[in-house]
Each structure stands twice: as C-alpha cells, then as structure tokens.
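Chemist: The following comprises the amino acid sequence and a computationally predicted model.
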Amino acid sequence: NAGVMQNPRHLVRRRGQEARLRCSPMKGHSHVYWYRQLPEEGLKFMVYLQKENIIDESGMPKERFSAEFPKEGPSILRIQQVVRGDSAAYFCASSPVKGGANVLTFGAGSRLTVL
Amino acid sequence: KQEVTQIPAALSVPEGENLVLNCSFTDSAIYNLQWFRQDPGKGLTSLLLIQSSQREQTSGRLNASLDKSSGRSTLYIAASQPGDSATYLCAVETSGSRLTFGEGTQLTVNP
C-alpha cells in the first residue's frame, strides 16, 4: 500500500494560470480531505469529499478554488487564475470512514509557487 | 470558532534534555486531540492521539496529556535526540471530521 499519493510534489505557476493538484487516497479509502499550509502558518481545512460528493467545503475560498473526487481516479484540487497569495503547501488526507482523526493518513503535500 | 495555539513557536535544546511542548485550544467540545510531526518537505506523521475521554497517551519517549476542561495539552519528549528535530503540530477534532491545527513548534535538538 503506497499511502496517500500527491502530485505534483512541486508546481510553479505564473499569475493568472491554473493549478491542478492531484491526490490518490490509500486503497480502500473513500473519504478525502484537503488542507492548506500558508508560509509560517498552520494547516487550515479546505474541503472534505467522498466519492462524487462534496461534504464540507466551508474552508474553501469562494472564488477560483474547486475540488472534485470522481468515481474513478484521484481527487483534484483546482485553482484558477492563481495569485501570489495562493503559494502554499497543499496537503491531502484520506480515511476509510467518516470522522476520527485516528484514521486519517496524510500525503507528503504539493507545494505551489506562484511567480 | 476553535482556535489552537502552540507555545513556544521555536525551541532549541541540547541532546539528552527532556522537554515539553504546549498546546491550548479555545473550545473544549472536542472529540480528540492529536500530535503530529512534520519534517521539512514531508507530510505529517501522527505521533499520539488522545480521545476526549482520556487524560494521556504514551509512545516510547513521548507522552501527551490532555486537560479538556482547561483546554490544554502537553507533549513531553524524554531524552531528546537530534533525530527529534522537526516541527510538532497539535490538532483538535471538533466536528465534521475536520481538524483545527496550531501553527506548530519548531524543535531543534543539538548534538
């Protein structure tokens, strides 16, 4: 079991471009969570998804950000028209069931740099 | 709104010293509290999880305590080693499976 796989590990974009971050959960995990870590700050919850459903997106910025977790394939965090303030590490976590921090497994993160 | 604070922000100690990291949270209605380790460029590694009904958990040289009523937790590291150098994050789970993290304590253990 390869754990939670995130790619790309590092992504550089110019202002106005789009960024797509992918997360493949652990085998058998159908719950995915995205967190963002801005420079010098703690991790902040963004969105919680199950297969084909967004359960809680209360931490997502209202504009330019979207997330999906299709029936087949990885979860995608999409950032349109990136700005410098989007530069951060984006972490994905997965679990086999809802709830319970003890069953969350984190990926190594995708580090986005916006020039 | 739940807020988690970690003190100190950074700590540097000589090898072999025992140390304590502190975490406080504003809303005592938590399901559990978890301590993570984060190495540069890496993901998060779970160290200890304390359920809301528990007072402490131990794993090897690590001991975490929880005082839910006062909104505090401590992570005690015994006989620190250079390999313990990392950022330590405290996180609480309140509702909806979401974790609220502190900003972390950056620990350096000097040989």
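Modeler: The structure has been received and is ready for your questions. Numbers count the residues shown, from 1 in each chain, chains lettered A, B, ... in the order given.
Chemist: pretty sure residue B:50 is in a helix, no?
Modeler: No - per DSSP: H, G, I helix; E, B strand; the rest coil, residue B:50 lies outside any helix segment and is strand.
Chemist: List, one by one, the residues from chain B near chain A.
Modeler: Listed as neighbours of chain A in chain B under the rule Cβ under 8 Å from any Cβ of the partner chain: B:4, B:31-32, B:34, B:36, B:41-46, B:49, B:89, B:91, B:93, B:96-104. Placement of C-beta: from N, CA and C, glycine included.
Chemist: Report how many residues lie close to residue 79.
Modeler: This is for chain A. 23 (other Cβ atoms under 10 Å in any protein chain shown).
Chemist: actually it's chain B I care about, not the one you picked
Modeler: Other residues near residue B:79 number 11, with proximity taken as other Cβ under 10 Å.
Chemist: Surely it is in contact with residue B:61?
Modeler: Yes - at 5.9 Å, residue B:79 counts as touching residue B:61 under the criterion of Cβ atoms under 8 Å.
Chemist: circling back to that earlier point, return the subset of the residues of chain B next to chain A lying in strands.
Modeler: Judged by DSSP state E, strands contain the following of these: B:4, B:32, B:34, B:36, B:44-46, B:49, B:89, B:91, B:93, B:99-101.
Chemist: got those residues as a markdown table, with neighbour count and pLDDT columns?
Modeler: What follows is these, written out as a markdown table (neighbours: other Cβ atoms under 10 Å in any protein chain shown; pLDDT from 0 to 100):
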| residue | neighbour count | pLDDT |
| --- | --- | --- |
| B:4 | 23 | 96 |
| B:32 | 21 | 90 |
| B:34 | 23 | 93 |
| B:36 | 25 | 95 |
| B:44 | 26 | 89 |
| B:45 | 14 | 90 |
| B:46 | 17 | 89 |
| B:49 | 21 | 91 |
| B:89 | 27 | 96 |
| B:91 | 27 | 94 |
| B:93 | 23 | 90 |
| B:99 | 26 | 90 |
| B:100 | 21 | 93 |
| B:101 | 23 | 95 |
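Chemist: So which bits of chain A are right by chain B?
Modeler: So chain A meets chain B at A:4, A:31, A:33, A:35, A:40-45, A:48, A:55-56, A:59, A:91, A:95, A:98-102, A:104, A:106-109, A:111 (Cβ under 8 Å from any Cβ).
Chemist: Closest one of the ones in strands among the residues of chain B next to chain A to residue A:86?
Modeler: Nearest to residue A:86 out of these is residue B:101 (Cβ to Cβ; 19.0 Å).
Chemist: Whichever strand or helix holds residue B:73 packs against which elements?
Modeler: Here residue B:73, judged by DSSP states H and E, is contained in strand B:72-77. Contacts defined by 3 or more Cβ pairs under 8 Å, 6 or more residues apart in numbering or on different chains; DSSP states H and E place strand B:72-77 against strand B:19-25, strand B:32-38, strand B:44-51, strand B:62-67, strand B:86-93.
Chemist: same thing but 7 Å
Modeler: Helices and strands touching strand B:72-77, by 3 or more Cβ pairs under 7 Å, 6 or more residues apart in numbering or on different chains; DSSP states H and E, are strand B:19-25, strand B:62-67.
Chemist: Next, the buried residues of that strand.
Modeler: B:73, B:74, B:75, B:77 (16 or more other Cβ atoms under 10 Å in any protein chain shown).
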